[in-house]
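Peer 1: With the input below, show me the fold.
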Amino acid sequence: MKVQWSISDLAQEFDLTTRTIRHYEDEGLLQPQRQGGQRIYGPRERTRLKLIMRGRRLGFSLAECRELIELYDPVGDNRTQLQKLLEKIAERRQQLAQQRKDIEIIEDELVLAEQRCQLAMQSFSHAMEKESSR
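Peer 2: Residues are numbered from 1 along each chain as shown. Alright, predicted model coming up:
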């Protein structure tokens, strides 16, 4: 099993740009070792990147990802981290439920707007038919 990765290796593996990975470094989420000018990522950094990507897919901000990652305790039982994750999941579900409701409202408004437009177009067609029949 590989124990070192370059920034290009991780970018390719996680389908990210190297710029994104450097941004995560700038945000303090990743701390690669340096050999000369080259960044060397170990298993810890690769795992952190995997957790960041998972969190982003779930809709978590980088700050939320950082909070969850920092709660990890390799020698503990991680109850605090798991409890916080459950809270974040519940919050995210609430956000998504609200977004779903908002989308349904917008869809209903679009249907009404479309119906009004179609009625207006029919009125124009009837008016033009009457004028052409004179």
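Peer 1: Please enumerate the strands of this structure.
Peer 2: 33-35, 38-40 (DSSP state E).
Peer 1: Deepest in the core, which of the ones you listed is it.
Peer 2: Greatest average neighbour count among the strands of the chain goes to strand 38-40 (a mean of 15), per mean count of other CB atoms under 10 Å. (Each C-beta comes from the backbone N, C-alpha and C, glycine too.)
Peer 1: average pLDDT across that strand?
Peer 2: Averaged across strand 38-40, pLDDT comes to 95.
Peer 1: which residues are in contact with that strand?
Peer 2: For strand 38-40, contacts defined as CB atoms under 8 Å, 6 or more residues apart in numbering pick out 4-7, 25, 32-34.
Peer 1: from those residues, which is closest to Leu96?
Peer 2: Glu25 (30.1 Å; CB to CB).
Peer 1: What's the separation between the closest one and Arg56?
Peer 2: From Glu25 across to Arg56, the span is 16 Å (CB to CB, to the nearest Å).
Peer 1: just to revisit the earlier point, can you put the strands of the chain in a markdown table and add distance to Leu96?
Peer 2: Putting the strands of the chain into a markdown table (distance: least, CB to CB, whole Å) gives the following:
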| stretch | distance to Leu96 |
| --- | --- |
| strand 33-35 | 39 |
| strand 38-40 | 36 |
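Peer 1: right, so of the ones you listed, which gets closest to Lys88?
Peer 2: strand 38-40 (29.1 Å).
Peer 1: Give the partner strands of that closest one in its sheet and their orientations.
Peer 2: strand 33-35 (antiparallel) (DSSP bridges).
Peer 1: List of residues touching the strand it pairs with?
Peer 2: Counting by CB under 8 Å, 6+ apart, 39-42 sit against strand 33-35.
Peer 1: and that strand, average pLDDT?
Peer 2: pLDDT averaged over strand 33-35 gives 93.
Peer 1: Distance from that strand to the middle of the chain?
Peer 2: Taking the mean of its C-alpha atoms, strand 33-35 sits 30 Å from the chain's own mean (CA atoms, centre = their mean, to the nearest Å).
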